[in-house]
Every structure is written in C-alpha cells, then in structure tokens.
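Engineer: The following comprises the amino acid sequence and a computationally predicted model.
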Amino acid sequence: MSLQYSTEKQVAIAAVRRACALTSSVFNKLVKTETLTKGDKSPVTIADYSAQAVVNTILSKAFPSDPIVGEEDAADLRQDGAETLRNRIVELSNEALTADLGVGDLAEWGLGPGKERTLEQLLDAIDRGNDQGGPIGRRWSLDPIDGTKGFLRGGQYAVCLALIVDGDVKLGVIGCPNLPVNSIEPEGLKGCIFSAVKGQGAEQITISDAKRSPVFIPPLEPRMLNLLESMEAAHADLSFNQQVSELLGITRPPTRMDSQAKYACLARGDGGVYLRMPINPEYQEKIWDHASGALLIQEAGGVITNSLGKPLDFGIGRTLGKNYGIVAARKDVHAQVLEAVQKARSAQAAL
Ligand SMILES: Nc1ncnc2c1ncn2[C@@H]1O[C@H](COP(=O)(O)O)[C@@H](OP(=O)(O)O)[C@H]1O
Ligand SMILES: [Mg+2]
Ligand SMILES: [Mg+2]
Ligand SMILES: [Mg+2]
C-alpha cells in the first residue's frame, strides 16, 4: 500500500523542480523591463508568472478538479503593451514544460519534448490560481516565487507549493535554488527542495541529484539559538525581534533572509526561532507565504503559532485573517519565545 499523498508529493516535487530550474535560468538573463510593479507596489517578474504557469499546468493535468490559490494572476499580462512580457513567458514556460523527463516525472502530467502550450493556455493556467480558499475541500496554494525581492537581489527565494484539505495543510514543498545544501558549507553546492507530509516527517533533497536526507530541528543550547527574520524591514518588526532576542539571552546576531527559506533553515537547525511580528497590523498574511513552511516546521519537530499561541488557520480564505504575527521554533523553545514576546509587548505598552 502506498503512503497517503504519495502521488501528490511526487507531482508537487516535479513541478517545483521545474519551476526552480526556470527561475534560476531567468535570474542570469533578467532585465529591468521584465519586472512589473503590482497594485500593492510589490515587484513581479516574468519568472513569477512563468513559474506559476508551469506549476499550474502540471497540477491541472495531474489533478484536474483541484482548485489552486496562487499569488499571481494574468490580468496585467492581458493588457495591450505587455506583448514582450507575454512572449518571454511563453518561451520560458514551454522551455520548462518540454524539458526531458527527470527522476520521478511522468509523461502523463503533460511533460517532456513536444508538449508546448499556447499563449492562451498559459495565461489561463496562471489564472487557475484564482481560488478564494476556505474551510471545506481540497486545494493547492502556490507562491511561484516567494521573496521576489530576494530573487531580484540574487539572495534567497523559494518556490512554495502546498496541499490544503479542509483547512489543514497535508503536504508542503519548498524549493530553494540558492540555498546551500549543507549550511556548514555556505560556498558549497546550492539548491534544495524540502518536503513534508502530515504525519510522515520532513526531508530535503538536492535539486541536482535528488539525494535525500531527513530534516528535523536538533536541540540547540540557548547560546546557539538565533533569530531568522526578513530582509525587508517593511515585512516584520525587526526592532521588536531585537528586544525578544535580548529577553531570551540570545547572543548570536539574527540571520536575515527573504522567503520561506527561513522555515527551511529553521527546520534543519540553521537558526532556532522564526519571528515575524507585524509592522502594519492591517496587513493580512497570505496563505501561500506560510502553508508549506508551517507543515515543514511541524513535521521537523517544531511548533508554529501566532503570537497569542493559537494555530495559524489556513481555512479562512486567501489570507490568514487578523494579523497576530508568527512564531515558529522547536517545541521546547517555542514556549519560551511566546513568553518573551508577551513580555516585550507589555514593556512596549508601558512606554
Ligand atoms: N507589509 C507586509 N508585511 C508582511 N509581509 C508582507 C508585507 N508586504 C508583502 N509581504 C509578503 O512578504 C513576502 C516575503 O516575505 P519575506 O520578508 O519573509 O521574504 C512577500 O512574498 P512575495 O515575495 O512572494 O511577494 C509578500 O507576500
Ligand atoms: Mg509577491
Ligand atoms: Mg510570498
Ligand atoms: Mg511570490
């Protein structure tokens, strides 16, 4: 008998691997005119769109009735004047979809030589990410490039795909093309895919040769803990993090990086605490920014909650709802962090 969600995992890893190859190759050739600014002023590149087109094309073929909550949509690409971007997206998406079958790929997912898609098919694939989420049923969440700013600066970014059933994350995959395979060799081989299935643990595979290793958060002495936090000061309250760090007696400086690569690092013991307290409480976190990472942390022996100690709810809609921040750490450390967060908050309120 095969393990639950084994086909979904195989498809998700295949899709994420192709998207990672695409984004890596785009980075080297990207020019400024291939980046758009969205309504919320955040950047989106031909790589974000193409990666969403590729992943959604594969998901739609393998699981035709599954809805997808994807970050991007094709509205801006359908406008007059976006022809150059559209052409590049068709070229890049088809290059990724028609590449030879790799380990674990199946031709029945519409992959391999000769499987080109038209512009209309690819724009429709991007727009299949329009599901609104919710508490009932089975759906995927996709962030084709999480950490677009990190991607643009040559830093960390991640392709993040998760399967959510009745609001519960069952499978999470995070592809990190720029992350060192082994954190003690930062200049060594880069490119890993992390995956977790509910109740089945977590693992890391290398993008280049699919070598597997289990992933779990090792016990860390308090002096070895450090905070993992955003590069972008607008995304999290970094001065609050500093106060929490001091309250916990942490002496190591924080590690700043973009994207859900932070969850991947925490899950394999590179760090100790991921803290993301809102700068703007009106901002609602998106489910595609956290679904894969949340399961990865849990399956690696960690706990993830909001700052009130409540679980994150992936069944509300496209967002996590009211923003009380996010706290993730190994089980034993998590309780201490929550306590420090409350203390820092009381100290702030007393000012
Ligand atoms: N004001 C805000 N507060 C928190 N997160 C925000 C934000 N504005 C944008 N983001 C999200 O932060 C994500 C990156 O997180 P991080 O800072 O951990 O790298 C972005 O994902 P994208 O890059 O996929 O758009 C975006 O969804
Ligand atoms: Mg974005
Ligand atoms: Mg994101
Ligand atoms: Mg994104």
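Structural biologist: Done, it's in. Ligands and ions are numbered 1, 2, ... in the order given.
Engineer: do you know how far the residue in the chain that ligand 3 sits nearest to is from ligand 4?
Structural biologist: Taking C-beta to the ion, ligand 3 has its nearest neighbour within the chain at Asp146, 3.6 Å off. C-beta: built from backbone N, CA, C; applies to glycine. Asp146 sits 5 Å away from ligand 4, going by C-beta to the ion, to the nearest Å.
Engineer: ditto for Leu59
Structural biologist: Leu59 is 17 Å from ligand 4, by C-beta to the ion.
Engineer: What is the burial count for that residue?
Structural biologist: 26 (other C-beta atoms under 10 Å).
Engineer: you'd agree it is up against Gly70?
Structural biologist: No - when contacts are counted by C-beta atoms under 8 Å, Leu59 is not listed as touching Gly70 (9.6 Å).
Engineer: Where is the longest helix in the chain?
Structural biologist: As assigned by DSSP state H, the longest helix anywhere in the chain is helix 6-29.
Engineer: Is any residue of it near ligand 1?
Structural biologist: No - contact of helix 6-29 with ligand 1 (C-beta under 6 Å from any ligand atom) is absent, the minimum separation being 11.9 Å.
Engineer: how about that helix: buried residues?
Structural biologist: Within helix 6-29, the residues that count as buried by 16 or more other C-beta atoms under 10 Å are 8-24, 26-27.
Engineer: ok, which residues in the protein are in contact with ligand 1?
Structural biologist: That would be 42, 71, 143, 145-148, 150, 230, 232, 234-235, 258-259, 280, 283, 286, 289, which are the residues of the chain within reach of ligand 1 (C-beta under 6 Å from any ligand atom).
Engineer: one more time with 5 Å, if that's ok
Structural biologist: Proximity of the chain to ligand 1, by C-beta under 5 Å from any ligand atom, involves residues 143, 146-148, 230, 232, 235, 258-259, 283, 289.
Engineer: ok, Leu36 to Ile46 distance?
Structural biologist: Separation of Leu36 from Ile46 (C-beta to C-beta, to the nearest Å): 9 Å.
Engineer: More neighbours: which of these two?
Structural biologist: Ile46 (27 against 16).
Engineer: pLDDT at that one, what is it?
Structural biologist: For Ile46, the pLDDT comes out at 95.
Engineer: burial measure for Gln79, as a count.
Structural biologist: By other C-beta under 10 Å, the burial measure for Gln79, its neighbour count, is 11.
Engineer: again with Ala344
Structural biologist: 22.
Engineer: For this protein, give the strand that spans the most residues.
Structural biologist: strand 168-180 (DSSP state E).
Engineer: next one: that one to chain centre, how far?
Structural biologist: Remark: strand 168-180 is offset 6 Å from the chain centroid, using C-alpha atoms, centre = their mean, to the nearest Å.
Engineer: which bits of the stretch 151-300 of the chain sit near ligand 3?
Structural biologist: Asp289 (C-beta under 5 Å from the ion).
Engineer: Poorly predicted segments of the stretch 151-300 of the chain, please.
Structural biologist: Nowhere does the stretch 151-300 of the chain drop to pLDDT under 70.
Engineer: The strand or helix carrying Ile297 versus helix 6-29: what angle between them?
Structural biologist: Per DSSP states H and E, Ile297 falls inside helix 291-299. Here helix 291-299 runs at an angle of 120 degrees relative to helix 6-29 (axes from the mean of the first three to the mean of the last three C-alpha atoms, to 10 degrees).
Engineer: what's helix 291-299 in contact with?
Structural biologist: 141, 160-162, 164, 169-174, 194-202, 215, 217, 260, 262-264, 266-267, 274, 303-304, 312, 314, 328 (C-beta atoms under 8 Å, 6 or more residues apart in numbering).
Engineer: Narrow those residues to just the buried residues.
Structural biologist: 141, 160-162, 164, 169-174, 194-198, 200, 202, 215, 217, 260, 262-264, 266-267, 274, 303-304, 312, 314, 328.
Engineer: Helices - which of these land there?
Structural biologist: Those of the buried ones among the contacts of helix 291-299 lying in helices (DSSP H): 262-264, 266-267.
Engineer: residues contacting the nearest residue to Ala347 once chain neighbours are set aside?
Structural biologist: Residue nearest to Ala347 in three dimensions, not counting chain neighbours: Gln243, with 7.1 Å by C-beta to C-beta, 6 or more residues apart in numbering. Neighbour list for Gln243: 344, 347-348 [criterion: C-beta under 8 Å, 6+ apart].
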